[in-house]
Each structure stands twice: as C-alpha cells, then as structure tokens.
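A.B. asks: Here's a sequence, model it:
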Amino acid sequence: MTGELAFIEALRALAVHPGARGLDDDAAVIEIGGEALVLTHDAMVEGVHFLPGQDPADIAWKLVATNVSDLAAKGARPLGVLLGYQLGADDMRFLGGLKDALDHYGAALLGGDTVGGKGPQALGLTAIGVASVRPVPSRSGARPGHGLWLTGRLGAAMLGLEALRAGGGDSAAYRRPQARLAEGLALAPQVSAMMDVSDGLLLDARRLAKASQVTLRIDSQAVPVATPADRRMEALRWGDDYELLFTLPPGVEPAAPATCIGTVGEAGDNPVLLDGKPLSSGDIGGFTHSEG
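C.D. replies: Numbers count the residues shown, from 1 in each chain. So this is what the prediction gives:
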C-alpha cells in the first residue's frame, strides 16, 4: 500500500488523542468547557479540486461548503473558520465568495494565514463547530439490522462539472455545493452512524462499513440519482455531492427527507455488497489522491 492510504495509516500512530477518533472520522471532537467542539480541515488544489481559471468566488464557496459538510455529518453548528490562502489572480473576488458562504452558513472568519507562491493555487480551511447532541455522531455506530439512508440525489456534481467544462448548462451543483447542515442537525439525535458523501457513495460507504465493522448492502436501484438511467453507476462512484449517508435503527423514520438505499448486515469478507455482489477496488471508484 502506497500513496495517500499508506500515509493516513502512518498518521494513525500519531493521532493518539481521543478527540481524533482514530482518524476514522472526517472531524475531531474535543470536549471542553461543557461543550463538544467539532473541528475539521479540508484543502483544495487548482487542477485537482477546481478548474484552472474557475471563478474565485465559486472556489471560496466550495472551500467553505466542503468543510461545513463535515460539520453537518456531526450534527454541529458552525462557529467559525481559519483560512489558509495562497494569493491568486483575483483575491478580492475570492473574498466576495468567502463572505457569501460564511454568511450563508452562519460562520465567522476567525483568522488564518496568507502566502505567495508559484504553480497551482493551494487553499485550506479549518472549520470549527459546536455539537448539538451527545454522543456526537460518528462513522462507527452502524449495527446489523439498521437501515442505510441517503439524503438528496447523487450525480449532480458530475453533471455540473461537465457543464462547466462545456461552457454551458447548469453547473451550480459542482461550483457551489450545498452542505446539508439543517438535515444534519435534524438527524443527529436519531442516527447510529453518519458521514457525508464527498468522495463517492461506494467509497464512502466502504469507509463507514469498515469503521463500524459491518457489511453495508446497497440496492443500486434505490439510490436517487440526478443522471440519466444509463449513468447510474457513474453517479454511485462519483464524488462532490456532499449528501449525508447514515444509518437508523429499525422502525425509525428520518427527521429530514431521505431515501432508504439498503441495510446493515454482519461483517463479512466484503464491507460493501451492491445488489448482493461484492465490489472490486475498480468497481468502487470515488476520489482518492495518487496511490504511487
């Protein structure tokens, strides 16, 4: 094992604080002053996470929304953000988009750092939230017999990127994703496990299954998609949708609009079964950084 996965595995040896949750979650949870603070950090690189020449206001929005999505999966209310910013071609345009996103999600800019540099622009954001419930939802609470649920539809961001590259059509889902903050707050008291779908349903479902030590059985035809029928599997593999994937005990109806897309079973040889069949690494798709 090389690349990103190997690096993360090596990091686990350093992540000994209980708040790190063994790096099995996208956010850390720190108990302090009678509150549970939720902290998350995402980075974006030009040419990898956004297109060269893309509107800086949209890039700022996406940077905020991707971090707030991690807070949403923990049922946390945004408190503020710290920005790491590499100066670019239109910094004032970026700030306009940043203000729009922070106002939309009710977060304050608390500080950060700016740097110069050549080459592709690199950006980072740390978001801090306050948990609304205890225990704070994690990926590790799914149990056999629970239902597997998903908010919204998949594939809209994929179609949005195609529209953006083509110079026409609706690209909003890719340019300005919407973090499911209200849904996360509503669902947090109910769920046994929850995470956001940022790297593709099949890849992220595998992560939830491994953290919970269960098998997730997904019905592909039950998954709502924004794509034509012949592109359903692409939608299940693609990322950037930022919907919430969660599990509920039997008989519990979700407090936010969602679709049951499968069930949780006992752990087996394969963490995810799609239509009853195991998935190879090639079937899963999703977004990971270079493996070599």
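
A.B. asks: Low-confidence bits of the protein, can you list those?
C.D. replies: 1-2, 281-283, 285-292 (pLDDT under 70).

A.B. asks: could you redo the last one with a cut-off of 50?
C.D. replies: 287-292 (pLDDT under 50).

A.B. asks: domain ranges for it?
C.D. replies: Listed by automatic domain parsing, the domain ranges of the chain are 3-131, 147-284.

A.B. asks: which SSE is the spatially closest residue to Ala27 that is not a sequence neighbour in?
C.D. replies: Leaving aside its sequence neighbours, Ala27 sits nearest to Thr40 (CB to CB, 6 or more residues apart in numbering; 4.0 Å). Where C-beta positions appear, they are placed from N, C-alpha and C, glycine not excepted. Take DSSP states H and E as the rule and Thr40 turns out to sit in strand 35-45.

A.B. asks: So which elements touch the helix or strand just after that strand?
C.D. replies: Using DSSP H and E, the helix or strand that directly follows strand 35-45 along the chain is helix 56-72. Judged by 3 or more CB pairs under 8 Å, 6 or more residues apart in numbering; DSSP states H and E, helix 56-72 is in contact with strand 35-45, strand 76-86, helix 91-105, strand 122-131, helix 172-175, helix 181-187, strand 193-197.

A.B. asks: rewinding a little: buried ones in the strand holding Thr40?
C.D. replies: Buried residues in strand 35-45, defined by neighbour count with 16 or more other CB atoms under 10 Å: Ala36, Leu37, Val38, Leu39, Thr40, His41, Asp42, Met44.

A.B. asks: and which of the residues you listed is nearest to Pro137?
C.D. replies: Pro137 has its nearest neighbour among the buried residues of strand 35-45 in Val38, at 10.0 Å by CB to CB.

A.B. asks: wouldn't that closest one be in contact with Ala72 here?
C.D. replies: No: with contact defined as CB atoms under 8 Å, Val38 does not reach Ala72; the gap is 10.0 Å.

A.B. asks: circling back: can you give the contact residues for the strand holding Thr40?
C.D. replies: 26-31, 50, 59, 62-63, 66-67, 70-71, 74, 76, 79, 84, 120-131, 134, 136 (CB atoms under 8 Å, 6 or more residues apart in numbering).

A.B. asks: Next, the angle helix 56-72 makes with it.
C.D. replies: Put simply, strand 35-45 runs at 140 degrees to helix 56-72, going by axes from the mean of the first three to the mean of the last three CA atoms, to 10 degrees.

A.B. asks: can you give me the angle strand 35-45 makes with strand 76-86?
C.D. replies: 30 degrees.

A.B. asks: Give the pairing partners of strand 35-45; include direction for each.
C.D. replies: In the sheet, strand 35-45 lines up against strand 28-32 (antiparallel), strand 122-131 (antiparallel) (DSSP bridges).

A.B. asks: Flag every buried residue along the last one.
C.D. replies: It stands for strand 122-131. With burial defined by 16+ other CB under 10 Å, the residues of strand 122-131 counted as buried are Ala122, Leu123, Gly124, Leu125, Thr126, Ala127, Ile128, Gly129, Ala131.

A.B. asks: Between the residues you listed, which sits nearest Leu248?
C.D. replies: Ala131 (19.1 Å).

A.B. asks: now the nearest residue to that closest one once chain neighbours are set aside: how far from Gly119?
C.D. replies: Leaving aside its sequence neighbours, Ala131 sits nearest to Ala36 (CB to CB, 6+ apart; 3.8 Å). Taking CB to CB, to the nearest Å as the measure, Ala36 falls 39 Å from Gly119.

A.B. asks: May I have stretch 246-254 exported as CSV, CA atoms only?
C.D. replies: Output of stretch 246-254 as CSV, limited to C-alpha atoms (Å, rounded to 0.1, in the frame of the first residue of the first chain):
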residue,chain,number,x,y,z
PHE,A,246,-26.5,7.5,7.6
THR,A,247,-27.9,4.5,9.4
LEU,A,248,-31.0,4.3,11.6
PRO,A,249,-32.4,1.6,13.9
PRO,A,250,-35.3,-0.4,12.6
GLY,A,251,-38.7,1.4,12.7
VAL,A,252,-37.1,4.9,13.0
GLU,A,253,-38.2,7.4,10.3
PRO,A,254,-35.6,10.1,9.5
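
A.B. asks: How far does it sit from its chain's centre?
C.D. replies: From the chain centre to the centre of stretch 246-254 is a distance of 20 Å (CA atoms, centre = their mean, to the nearest Å).
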